[in-house]
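> sequence unavailable; structure follows:
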């Protein structure tokens, strides 16, 4: 594994098996039950449900997730990783994103 893959694995392990374990378990269940955002949006694309109905369902999923650990901090960890900024990144020469 590359350093990036190992770092990503460490991030996921810490978030999904640590403080966000219940959130991760519930989101897996939501995906299995067709309650993920992509699944819900597909219903709009298929015209099997209208936008207002899907918006209510997405809002309910967000509220449920917030009640079990979803927070701005958790989202930031994912977003910052996606753009190449790691929690312990000091911004030195090894920071691949310093020009971003």
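Thanks, I have the structure now. As the structure is a computational prediction, the values presented were derived from the model and not from experiment.
> pull out the buried positions in stretch 17-25.
Residues of stretch 17-25 classed as buried: 20, 23, 24 (neighbour count, 16 or more other CB atoms under 10 Å). (Glycine included, C-beta is placed from N, CA and C.)
> next one: stretch 24-39
Buried residues in stretch 24-39, counting neighbours by 16+ other CB under 10 Å, are found at 24, 26, 27, 30, 35, 36.
> can you check stretch 67-78 too?
Using 16+ other CB under 10 Å as the test for burial, stretch 67-78 gives 70, 74, 77.
> and the pLDDT at the last one?
Put plainly, it is residue 77. Residue 77 is assigned a predicted lDDT (pLDDT) of 73.
> could you do the first one as well?
Turning to residue 70, the model gives it a pLDDT of 85.
> in space, what's closest to it - neighbours in sequence excluded?
Closest residue to residue 70 apart from its sequence neighbours, by CB to CB, 6 or more residues apart in numbering: residue 23 at 5.8 Å.
> I figured the one you found hits residue 65, correct?
Yes. Between residue 23 and residue 65 there is a contact at 6.2 Å, judged by CB atoms under 8 Å.
> gap between residue 45 and residue 38?
Distance, residue 45 to residue 38, using CB to CB, to the nearest Å: 10 Å.
> next: residue 50.
Taking CB to CB, one finds residue 50 at 18 Å from residue 38.
> distance between the ends of stretch 15-23?
Using CA to CA, to the nearest Å, the end-to-end distance of stretch 15-23 comes to 9 Å.
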